[in-house]
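Colleague: Using only what follows, build the 3D model:
(2 chains)
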Amino acid sequence: MDVLWESQTQLTVRQVGGKLTDRDLAHTTVMTVLDRLAKKGFARRERDGRAWLYRAAASREAYVTELMLFALDQAGDRSAALASFARRVSGSEARVLRRALEIGGEPAGS
Amino acid sequence: MFSPVLVLATLAVGLVPVAAELATARWPRRSPAAAIMLWQAMGLGWGVAAIGTLAALGADPVGPGVAGGALAVLDKALRNVASEVRPPGLLAAMRLLCLGASAALFALLCWVLLASAGAVLRARRRHRTLLSLLAHGDPKVPGALVVDYPAAAAYCVPGLRSRIVISAGTLDLLDQAELAAVLAHERAHLRERHDLVLLPFTALARAFPWSVLVQRSYASVALLVEMLADDHAARRRPARELVTALIRVGAAGSPGTPAGTLAISDEDAAMGDSGVTARVERLLTPSPGLSVPARVLVCGVAAALVVVPAALLVMPL
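Modeller: Numbering: from 1, shown residues only, chains lettered A, B, ... in the order given. So this is what the prediction gives:
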């Protein structure tokens, strides 16, 4: 997927495999992975003669944003799927907490 | 005269003010596990009592128990329909109506739970797929996934293939000890399947967004679950690391606003109680847990809340 994100143009299966030089992957393996990505909607493809041309459906940043907005959503409805460590506190609450921490003892490592 | 209808109705109505009371009580913070069990028993007991009240109203009082009486009414109605002798009387019609309402309430509660569980599972699957494409490991947080995002985020995706996710912003924000405390907290969530504990309450909160009591009950249980995980983390690590991590992550704000930016008061009010203050307070000044007799009492009440209405429904009296 990183190869598709970095590429400006559409790529064939063989071109994707060629860019994955650090890993010795069989042509069919790359083909299967790209096929799965396309079926899940992460990659778009179109026919070019006998070969498929692949490109990313959306940018990497778009997916990161989707992921994090979902995780940071505090409406309580969607966040039911996950368990956040701490909800965001309001400005006044943060001030009170900081003060409590200073009185409470030595500051931690940083 | 002893009447199952009266007992069930009293339970169903009486649990409402009790839940309101429990939502504001202080003692649950001392023993989150016992309090969570009581909340679950109250939820289940209320459901059984409410369904049972309607069923008992519709049941033939001559029949053996509520279940037997309800079957007797249905049996008679079916035979009447089959033989087409005469239209059912007013009393029989009322009884059938009550039984129908009872079945409808049962179906509604089941559907709400299943729909919520389905939505949660779908959201988690999508989230895990995205994580597998975007996240990477980091030696600073062993066993967790890191997503390159500037805002502070730390959470877990529960399930059979669970994940702990830390944003790059959190990695910069917290020191090594604080990160370890966060991981210990999230691992406690995953190990004890706190998501399953919370699921029925989430489902009710989604189904009845207009009910203040349901929303407050959900918030109470959600906070108790966090406190339970805090306790686990504080047993393994100094509580102070967890406290500073909580404050840093909680006060970090959204990526647009630098840390420490003052929020306007309207936003303060809209956000409500985050629960972070309560969690920090009890970590800094731990109060002793409930005494053993008190815990036994809570367990006993919890058991009675489920057993009594269920027994009233099925036992022939």
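Colleague: Chain B: helices as residue ranges?
Modeller: With DSSP state H as the criterion, chain B has helices at B:4-24, B:32-58, B:65-83, B:90-134, B:168-173, B:176-191, B:194-207, B:212-236, B:239-251, B:265-271, B:276-284, B:292-314.
Colleague: could you dump those helices to CSV with distance to residue B:153?
Modeller: Heads up, the C-betas are built off the backbone N, CA and C, glycines and all. Shown next, in CSV, are these (distance: least, CB to CB, whole Å):
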stretch, distance to residue B:153
helix B:4-24, 28
helix B:32-58, 24
helix B:65-83, 50
helix B:90-134, 12
helix B:168-173, 6
helix B:176-191, 11
helix B:194-207, 17
helix B:212-236, 16
helix B:239-251, 8
helix B:265-271, 17
helix B:276-284, 15
helix B:292-314, 35
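Colleague: mean pLDDT for the ones you listed: which is lowest?
Modeller: Lowest mean pLDDT of the helices of chain B: helix B:265-271, a mean of 41.
Colleague: list the contacts for residue B:305?
Modeller: Contacts were defined as CB atoms under 8 Å, 6 or more residues apart in numbering or on different chains; by that measure residue B:305 touches B:11, B:15, B:38, B:41-42, B:44-45.
Colleague: If we only consider those residues, which is nearest to residue B:173?
Modeller: Using CB to CB, residue B:38 is the member of the contacts of residue B:305 that sits closest to residue B:173, with 36.2 Å.
Colleague: Could you verify my assumption that that closest one touches residue B:295?
Modeller: No. Using CB atoms under 8 Å as the test, residue B:38 is too far from residue B:295 to be in contact (10.5 Å).
Colleague: which residues in chain A form helices?
Modeller: Counting by DSSP H, the helices of chain A are A:2-6, A:13-19, A:27-39, A:60-72, A:91-104.
Colleague: Same list, the ones you listed, but as a markdown table with mean pLDDT, mean neighbour count and distance to residue B:306 please.
Modeller: Compiled in a markdown table, the helices of chain A are given as follows (pLDDT from 0 to 100; neighbours: other CB atoms under 10 Å in any protein chain shown; distance: least, CB to CB, whole Å):
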| stretch | mean pLDDT | mean neighbour count | distance to residue B:306 |
| --- | --- | --- | --- |
| helix A:2-6 | 71 | 15 | 52 |
| helix A:13-19 | 77 | 17 | 57 |
| helix A:27-39 | 82 | 15 | 46 |
| helix A:60-72 | 79 | 17 | 35 |
| helix A:91-104 | 68 | 15 | 37 |
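Colleague: Reformat those helices into a markdown table and put distance to chain B next to each item.
Modeller: Shown next, in a markdown table, are the helices of chain A (distance: least, CB to the nearest CB, whole Å):
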| stretch | distance to chain B |
| --- | --- |
| helix A:2-6 | 9 |
| helix A:13-19 | 15 |
| helix A:27-39 | 8 |
| helix A:60-72 | 5 |
| helix A:91-104 | 3 |
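Colleague: Would you format the ones you listed as CSV with distance to residue B:308 included?
Modeller: Putting the helices of chain A into CSV (distance: least, CB to CB, whole Å) gives the following:
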stretch, distance to residue B:308
helix A:2-6, 60
helix A:13-19, 65
helix A:27-39, 53
helix A:60-72, 42
helix A:91-104, 41
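Colleague: who's in contact with residue B:185?
Modeller: So residue B:185 contacts A:85, B:229-230, B:232-233, B:242 (CB under 8 Å, 6+ apart).
Colleague: Name the pair among those residues with the greatest separation in space.
Modeller: So, these by CB to CB: farthest apart are A:85 and B:232, at 13.1 Å.
Colleague: So for the two, which residue has more residues nearby?
Modeller: residue A:85 (28 against 17; other CB atoms under 10 Å in any protein chain shown).
Colleague: Can you tell me the closest non-neighbouring residue to that one?
Modeller: Spatial nearest neighbour of residue A:85, chain neighbours left out: residue B:154 (3.9 Å); criterion: CB to CB, 6 or more residues apart in numbering or on different chains.
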